[in-house]
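Chemist: What follows is a predicted protein model with its sequence.
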Amino acid sequence: IRSHPGGHADHPREGGDDGPRREIEYLRSKVESGADYVVTQMVFSPPLYADFVRACREQGITCPILPGVLCVPPHREQLERILAHCGVAAPADLLRVFDETPQADLEDALVRYTRDVCQGLLAAGAPGLYFFTLNLERAVAR
């Protein structure tokens, strides 16, 4: 099943409800119905992932929680459309990669960025990674 560490885009934040807490309540009911593992919405922040997993564990969710990792497309406009569709904010450091990297070097820079995110997620305790490849599976191999 899927989860949304930053809160679900279709569940607006309501007076004092911070989104992630509400997401964990929904997630717990799905897990109690028999889920074996969880895959998160795309995560760019290892601390956000670690905080989400910690909060899930505090609520009794014990199954593996795999962070979703986006293979970043080489066009900023495409990235922004994907993130808007998913209700995920574009990280400033990722946008800087697009702004500061010459087009000829962009693919390599995006692979390095994604590799750094993956290493951070694994260091934060992720039991594995789930890649949203968007037909960029070659980037995963790199």
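Modeler: Received it, and whenever you're ready, just let me know what you need.
Chemist: Point out where this structure drops to low pLDDT.
Modeler: Along the chain, segments meeting pLDDT under 70 span 6-20, 136, 139.
Chemist: can you give me the strands for it?
Modeler: In the chain, the strands defined using DSSP state E lie at 2-3, 38-42, 65-70, 130-132.
Chemist: Look up phi and psi at the residue nearest the centre of the chain.
Modeler: Note on the chain: the residue nearest the mean C-alpha position is V43, at 1.7 Å, using CA atoms, centre = their mean. Main-chain torsions, V43, degrees, to the nearest 10: phi -120, psi 130.
Chemist: still on that earlier bit, mean neighbour count, the strands of the chain: which tops it?
Modeler: strand 65-70 (a mean of 24; mean count of other CB atoms under 10 Å). Any C-beta I mention is one placed from the backbone N, CA and C, and that applies to glycine too.
Chemist: so what does it touch, helix or strand wise?
Modeler: For strand 65-70, the elements it packs on are strand 38-42, helix 46-58, helix 103-123, strand 130-132, judged by 3 or more CB pairs under 8 Å, 6 or more residues apart in numbering; DSSP states H and E.
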